[in-house]
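Undergrad: How does the following fold in three dimensions:
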Amino acid sequence: MGSVGGEGQDSQSEEIMGNGEVSVVVSDLLSFLNASPTAFHAVDEAKKRLRNAGYEQILEREDWKLEAGKKYFFTRNHSTIVAFAIGKKYAAGNGFHIIGAHTDSPCPKLKPVSKVTKGGYLEVGVQTYGGGLWYTWFDRDLTVAGRVMIREVKGGSVSYSHRLVRIKEPIMRIPTLAIHLDRDVNDGFKVNTQNHLVPVLATAIKAELNKAVAEHCPVESGSRTDKKKSTAKHHSLLLQMLADQLSCEPDDIYDFELQACDTQPSIAAGALKEFVFSGRLDNLCMSFCSLKALIDSTSSESNLEDETGVRMVALFDHEEVGSDSAHGAGSPVMLDALSRATNSFTSDPKMLKKAIQRSFLVSAEMAHGLHPNYMEKHEENHQPKLHGGLVIKHNANQRYATNAFTSFIFREIAAKHSLPVQDFVVRNDMPCGSTIGPILASGVGIRTVDVWRSTIINAQYTRNVCC
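TA: Have a look, this model is predicted:
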């Protein structure tokens, strides 16, 4: 693992630890990854860490009364979070020092009507989210996680609440076809995501037997027995499992946003324990690093004593689908945060424009590092390597927001801390991806550099690898 705001090579060697032991930072990253199967869970875990570090939650629908030297955060949709610490010497018009990342990853998400029954099986209908490598989801032990809207009755009054849910045990699988029925599969595994990417939940006959047993069991006083409404869209078996996790009745579940998740935990691996094998490294790895950097750099009051600006981390949802949503990087979230923080200290509207021109954003992502088995996919002079340092991404067509000025600033900061830096451009004969950097740079007008961390395996796999 590379250092997170530490003292360069000493921190790097400490984190890698040649004796094969796992460092404290890596263990903390693994804990964050394992607590965050969805964007909702990632934001919830971030909130816990920020609260423990003395950050105060503020709400967008209320007035903000901010103070210099204090630390705050707010969320939008429970899947995007912005945290910031205001320097004690801050004055309106001073700049914001920002790291941006994202909380979402490609995955199959459950359809609004997920109930599928065919061939004697209960299946769960899913839709593809983002640009995933969908064949990697086959033959894995899957479960579901996300958020649920539930009905609650307290003191005779009815209310509705947002609750997070995660079934930890494997309950689904997307099986591949036996080679005896597909002799040409090794010449190319082609997935029809509508027909083939459908997780199997149970056999219909076993589900009916279980249902018959349940119907003959005594019904608790006050429980609701009419399941027609809730089971019209989703299998009653799935709803019951969710209800058991939430300690409610299936009919109290009014809606949900759930996704398929791999149950295999994130681990430190490799012969020397230098790799992290995990799902959702894109982009929970940089979300973690950004969050840790902010918390560590504001852990004591003295850290903000001489700070004249605002230190900020923004973790957005919906990067994998273009960021165009009410809480993606294409929304007003970033501009709202900058304007409301600035306007808490002044009534002069010109101060926000000054602040933006004095600000700097690092868009932090995961880069496709050099793959030893596909070295021809990288240009000879631009081959990001693991242990080679952070990667500054460039693109003449503005798929990344880096320019000579912003890359110069980042290199100078890296050199000050003895941190190695690499450069990357995509081959001319290959398409180039993008991320939140250009979206925020064009939407807010803030100077931006796109900085990525190398992974050896494509970030859109079910499981990724970094070190």
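
Undergrad: how about the strands in the stretch 101-250 of the chain?
TA: In the stretch 101-250 of the chain, the strands defined using DSSP state E, counting those that start in this stretch lie at 107-118, 121-129, 142-154, 157-166, 200-203.

Undergrad: and the fourth one, what's its mean pLDDT?
TA: Okay, so that is strand 157-166. The average of the pLDDT scores along strand 157-166 is 95.

Undergrad: Return the set of buried residues in it.
TA: For strand 157-166, burial by neighbour count (16 or more other C-beta atoms under 10 Å) applies to 163-166. Just so you know, the C-beta spots here come from the backbone N, C-alpha and C atoms, and that holds for glycine as well.

Undergrad: what do you get for the third one?
TA: Within strand 142-154, the residues that qualify as buried by neighbour count (16+ other C-beta under 10 Å) are 142-148, 150.

Undergrad: and what of the shortest one?
TA: Along strand 200-203, these residues count as buried under the neighbour rule (16+ other C-beta under 10 Å): 200-202.

Undergrad: all helices for the stretch 301-450 of the chain, in order.
TA: For the stretch 301-450 of the chain, the helices defined by DSSP state H, counting those that start in this stretch occupy 333-343, 350-357, 404-416, 436-444.

Undergrad: closest one to residue 171 among these?
TA: Smallest distance to residue 171 across the helices of the stretch 301-450 of the chain (C-beta to C-beta): 33.2 Å, for helix 436-444.

Undergrad: now that closest one: mean pLDDT?
TA: pLDDT averaged over helix 436-444 gives 97.

Undergrad: quick one: contacts of it?
TA: Contacts of helix 436-444 from elsewhere in the structure, counted by C-beta atoms under 8 Å, 6 or more residues apart in numbering, are 100-102, 316, 319, 323, 329-330, 334-335, 338, 356, 361, 363, 365, 398-402, 446-450.

Undergrad: likewise stretch 344-362?
TA: With contacts defined as C-beta under 8 Å, 6+ apart, stretch 344-362 is touched by 64-66, 68, 90-100, 309, 338-339, 342-343, 406, 409-410, 437, 440-441, 444-449, 451.

Undergrad: In ChimeraX, how would I select the buried members of the residues you listed?
TA: In ChimeraX, this line selects whichever of the contacts of stretch 344-362 come out buried by 16+ other C-beta under 10 Å:
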select :66,68,90,92,93,94,95,96,97,98,99,100,309,338,339,342,343,406,410,437,440,441,444,446,447,448,449,451
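
Undergrad: Residue 174 against residue 195, yeah?
TA: No: with contacts counted by C-beta atoms under 8 Å, residue 174 stays clear of residue 195, the gap being 11.5 Å.

Undergrad: Compare these two (neighbour count), which wins?
TA: Per other C-beta atoms under 10 Å, whichever of residue 174 and residue 195 has more neighbours is residue 174, with 22 against 7.

Undergrad: so who does that one touch?
TA: Per C-beta under 8 Å, 6+ apart, neighbours of residue 174: 137-140, 142, 196-200.

Undergrad: can you do 6 Å?
TA: Applying C-beta atoms under 6 Å, 6 or more residues apart in numbering, we find residue 174 in contact with 137-138, 199.
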